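> Provided below for reference: sequence and predicted model.
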Amino acid sequence: MTIRVLPEQLIHQIAAGEVVERPASVVKELVENSLDAGAHSIEIEVEGGGATLCRVRDDGAGIVADELVLALARHATSKLTRVEDLEAVRTLGFRGEALPSIASVSRMKLVSRPADAQVAYGVSAVDGAVTGPAPQPHPSGTTVEVRDLFFNVPARRKFLRSERTELGQVERLVERLALSRFDVGFRLLSSRRTLADHPPARDERGQDSRGAAILGEEFIAHALKLDHEGSGLRLRGWFCMPTYARSQADQQHFFLNGRPLRDKLVASAVRLAYRDVLYHGRQPAYVLYLEMDPARVDVNAHPQKLEVRFREPGLVHDFLFRTVERALAETRPVQTAATSVPAARFAVPGVAADAAPRTSALDLYTTLGSGVRDSVGSAEVQEPAAGEHPLGFAIAQLHGIYILAQAQGGLVLVDMHAAHERTTYERLKDALSSQRIASQPLLVPVALNVSVAEADEAESHAALFDELGIEVSRGGPTQLLLRSMPALLSAADPTALVRDMLADLREQGSGGAKQALERALGTMACHQAVRANRRLTVQEMNALLREMESTLRADQCVHGRPTWSFVSMEDLDRLFLRGR
């Protein structure tokens, strides 16, 4: 076959395949251009799910008439001027490929007027052929109208989904964009019907309102705020308590310098931070914003800029993991504004609940840097004063499973097995991290058959295994010999533990081996925790309550189940119709 240069139009359409996947891709590129132009208000209008029409209007800086045709040329951009700019990209777009790529597979119209111009000008592009510029009526800003997407590439158009599906993709995209920039107003219309309207939110209350409108009131009710800075990085946003964990990762949003991001490193770090408090198979919910020097990240690693390459991935992973883990760990039950689990769970049929809004027991928590109170007071006081012993004092044990405690303003119910499991696990973890792990020799070395790769992994990490109290040596190409185990885990299955450690080592590096140890500690804590139907004295129950108040992550057991709940006197009065 003869080598030849491809026609210009075919080059454009191939480039469009990298940028334009569906109507939502068009909206993404156009809105990012609007944001880069300094827009404060953006209106998106679609028809036919976006395949028939995508129109984006903004009040940004606009484009001068002489540059309108140039804006539709490949690799023409105002966002880069030299090679050094590519090493510290501060804009959402920068390649100059979006507009010409979209124009090559649609009928496009571009109208713009800078703030200091008297008249707006517009250009049109059909199948890549540009006409204009010509005067057009238009306010300050820019409008890009894209009609009949893929009209000249029928094979691509056949791969579009139904109108409802494509519209859903656009809606989710606008939600992500609205979460990325609270200072900008977003409005989405379809067939002259308003689907979303998010006015600018410049204060905390407005941001909470936008978050609730997009993610739901329940998300905001169960979310804690985070703002931490260190090592030239800043992480802020919302992270939800483990009790709000979901079956899908549909409420996980991460933004890097304002750019929506899907990155395995980020997802791994946050998931790792939740490992001790998340129920098996559940997904955490969060909206997090990472700010860092653009020179420390390469955003030119993906055609659609959805993935990035960090120059110091280990530092970023550790910062995200440690920050979120510390925020989750530093929650404590506090006595301020004691509120109850939703009273609807105790509603009597036929009796209307009070109209006053109710909040959940999660409002009893405070988070990182919020002035957590230590437990004070005497165990002899049976009615704790405000600010003293948030979990109150034990008054009874219910069916050998739950502890009932009288607290300020209501009743605390504690799952004694889950609570004891958490406190035991945290003690074991402290012993694991605060000192060199004591090793206990096995009476007879245990032979373990593994793959060659696993044997190589164990041999290369022999020093790490030794640091964790495990003596392992190679007994052959596919055999390991275990000679000692951590004394803390003397009752654990040695072969299962080492296999888990090797799997985690290959997946997550040296940090994975310690995670396998912690999982084994979790199993051990579960076995050591008090079982159902064991009778506890009042002193034993109070001792457990006091230990919970001083233990990290005391609100969930190792498996992510809640350890306690609070019912207010108001809800008890409502249940028994007192005052009616």
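Perfect, thanks for sending it. Remember, predicted model here, so these are calculated numbers, not experimental data.

> Please make it C-alpha for all contacts and neighbour counts, starting now.
Fine.

> Now do the strands for the stretch 351-500 of the chain: every range, in order, please.
With DSSP state E, counting those that start in this stretch, the ranges of strands along the stretch 351-500 of the chain come out as 365-366, 393-398, 402-407, 410-415, 439-449, 471-476, 479-486.

> Run through who's touching the fourth one.
Translated: strand 410-415. Strand 410-415 has contacts (CA atoms under 8 Å, 6 or more residues apart in numbering) with 391-392, 401-406, 563-569.

> Can you tell me which of these lies closest to V266?
T563 (28.7 Å; CA to CA).

> Count the neighbours of that closest one for me.
By other CA atoms under 10 Å, the residues close to T563 number 23.

> Over to H399?
Using other CA under 10 Å, H399 has 11 neighbouring residues.

> Please name the residues that touch it.
N533.

> separation between it and Q539?
Distance of H399 to Q539, computed by CA to CA, to the nearest Å: 18 Å.

> tell me the pLDDT at A447?
Predicted confidence (pLDDT) for A447: 91.

> didn't it look like it was pressed against L481?
Yes. With contact defined as CA atoms under 8 Å, A447 and L481 form a contacting pair (4.7 Å).

> overlap in contacts of the two?
Common neighbours of A447 and L481 (CA under 8 Å, 6+ apart) are G475.

> my read is T131 is in a strand, agree?
Yes. T131: assigned to a strand according to DSSP: H, G, I helix; E, B strand; the rest coil.

> Number of residues surrounding it?
What T131 shows, counting by other CA under 10 Å, is a neighbour count of 13.

> Which residue, neighbours along the chain excluded, lies closest to it?
Closest residue to T131 apart from its sequence neighbours, by CA to CA, 6 or more residues apart in numbering: S124 at 5.3 Å.

> beta partners for that neighbour?
Assessed by DSSP bridges, S124 has beta-bridge partners K109, T131.

> Give me the neighbour count for it.
When neighbours are counted by other CA under 10 Å, S124 comes out with 23.

> so how far is V324 from it?
Counting by CA to CA - S124 and V324 are separated by 49 Å.

> Contact partners for N300?
Counting by CA under 8 Å, 6+ apart, N300 makes contact with V308.

> go on, T537?
By CA under 8 Å, 6+ apart, the contact list for T537 is empty.

> Then V538?
Counting by CA under 8 Å, 6+ apart, V538 has contacts A394, I395, A396.

> Export the residues you listed as CSV, with columns for distance to I3 and pLDDT.
What follows is these, written out as CSV (distance: CA to CA, whole Å; pLDDT from 0 to 100):
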residue, distance to I3, pLDDT
A394, 84, 92
I395, 87, 92
A396, 86, 92
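
> what stretches of the stretch 451-580 of the chain score poorly on pLDDT?
Along the stretch 451-580 of the chain, the parts satisfying pLDDT under 70 run over 488, 491, 507-517, 519-520, 523-524, 526-528, 580.

> got the residue ranges for the strands in the stretch 101-250 of the chain?
Counting by DSSP E, counting those that start in this stretch, the strands of the stretch 101-250 of the chain are 107-113, 120-126, 129-136, 141-147, 185-190, 193-198, 223-230, 233-240.

> how about the ones you listed in a markdown table, adding distance to R282?
Shown next, in a markdown table, are the strands of the stretch 101-250 of the chain (distance: least, CA to CA, whole Å):
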| stretch | distance to R282 |
| --- | --- |
| strand 107-113 | 44 |
| strand 120-126 | 48 |
| strand 129-136 | 51 |
| strand 141-147 | 40 |
| strand 185-190 | 32 |
| strand 193-198 | 29 |
| strand 223-230 | 16 |
| strand 233-240 | 13 |
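
> low-scoring stretches of the stretch 251-400 of the chain, by residue?
If you take pLDDT under 70 as the line, the stretch 251-400 of the chain has these spans: 280, 301-306, 331-387.

> Quick one: the helices in it, in order.
Applying DSSP state H, counting those that start in this stretch to the stretch 251-400 of the chain gives helices spanning 264-273, 313-329.

> Throw these into CSV and include mean neighbour count and distance to H198, thanks.
Listed next are the helices of the stretch 251-400 of the chain as CSV, based on neighbours: other CA atoms under 10 Å; distance: least, CA to CA, whole Å:
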stretch, mean neighbour count, distance to H198
helix 264-273, 18, 27
helix 313-329, 19, 28
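
> got those as JSON lines, with distance to Q13 columns?
What follows is the helices of the stretch 251-400 of the chain, written out as JSON lines (distance: least, CA to CA, whole Å):
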{"stretch": "helix 264-273", "distance to Q13": "30"}
{"stretch": "helix 313-329", "distance to Q13": "35"}
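
> what's around S78, how many residues?
By other CA under 10 Å, neighbour count at S78 equals 11.

> Assign a three-state SS to it, would you?
coil.

> Give me the local confidence score for it.
pLDDT recorded at S78 is 78.

> Look up phi and psi at it.
Per-residue torsions, S78: phi -100, psi 0 (degrees, to the nearest 10).

> measure it to L110 for me?
17 Å.

> same question, A76
Using CA to CA, A76 is found at 15 Å from L110.

> if we can go back for a sec, in CSV, list the strands of the stretch 101-250 of the chain along with mean pLDDT and distance to E547.
Compiled in CSV, the strands of the stretch 101-250 of the chain are given as follows (pLDDT from 0 to 100; distance: least, CA to CA, whole Å):
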stretch, mean pLDDT, distance to E547
strand 107-113, 95, 65
strand 120-126, 93, 70
strand 129-136, 89, 72
strand 141-147, 95, 61
strand 185-190, 96, 48
strand 193-198, 94, 45
strand 223-230, 91, 24
strand 233-240, 93, 24
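
> closest to R246 out of those?
The nearest among the strands of the stretch 101-250 of the chain, by CA to CA, is strand 233-240 at 10.4 Å.

> residues in contact with that closest one?
219, 222-229, 284-293, 319-320, 323.

> how does it look with 10 Å?
208, 211, 218-229, 251-257, 270, 284-293, 315-316, 319-320, 323-324, 327-328 (CA atoms under 10 Å, 6 or more residues apart in numbering).

> Using PDB, write down the CA coordinates of that strand.
What follows is strand 233-240 as a C-alpha-only set of coordinates in PDB (Å, rounded to 0.1, in the frame of the first residue of the first chain):
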ATOM      1  CA  LEU A 233      -0.800  20.900  49.000                       C
ATOM      2  CA  ARG A 234      -4.300  21.900  50.200                       C
ATOM      3  CA  LEU A 235      -7.300  19.600  50.500                       C
ATOM      4  CA  ARG A 236     -10.700  20.900  51.200                       C
ATOM      5  CA  GLY A 237     -14.300  19.900  50.600                       C
ATOM      6  CA  TRP A 238     -16.900  17.500  52.100                       C
ATOM      7  CA  PHE A 239     -16.500  13.900  53.100                       C
ATOM      8  CA  CYS A 240     -19.400  11.800  54.400                       C
END
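
> ok and it relative to helix 313-329, angle-wise?
40 degrees (axes from the mean of the first three to the mean of the last three CA atoms, to 10 degrees).

> What are the buried residues along strand 233-240?
For strand 233-240, burial by neighbour count (16 or more other CA atoms under 10 Å) applies to R234, L235, R236, G237, W238, F239, C240.

> how about those in JSON lines, adding distance to G141?
Output for these, formatted as JSON lines (distance: CA to CA, whole Å):
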{"residue": "R234", "distance to G141": "33"}
{"residue": "L235", "distance to G141": "33"}
{"residue": "R236", "distance to G141": "32"}
{"residue": "G237", "distance to G141": "31"}
{"residue": "W238", "distance to G141": "33"}
{"residue": "F239", "distance to G141": "36"}
{"residue": "C240", "distance to G141": "38"}
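
> Now the two most distant members of the residues you listed.
Farthest-apart pair in the buried residues of strand 233-240 is R234 and C240; separation 18.7 Å (CA to CA).

> rewinding a little: and the strands of the stretch 351-500 of the chain: which comes nearest L92?
strand 365-366 (35.3 Å).

> Was I right to think V130 contacts K109?
Yes. Counting by CA atoms under 10 Å, V130 touches K109, with 9.5 Å between them.
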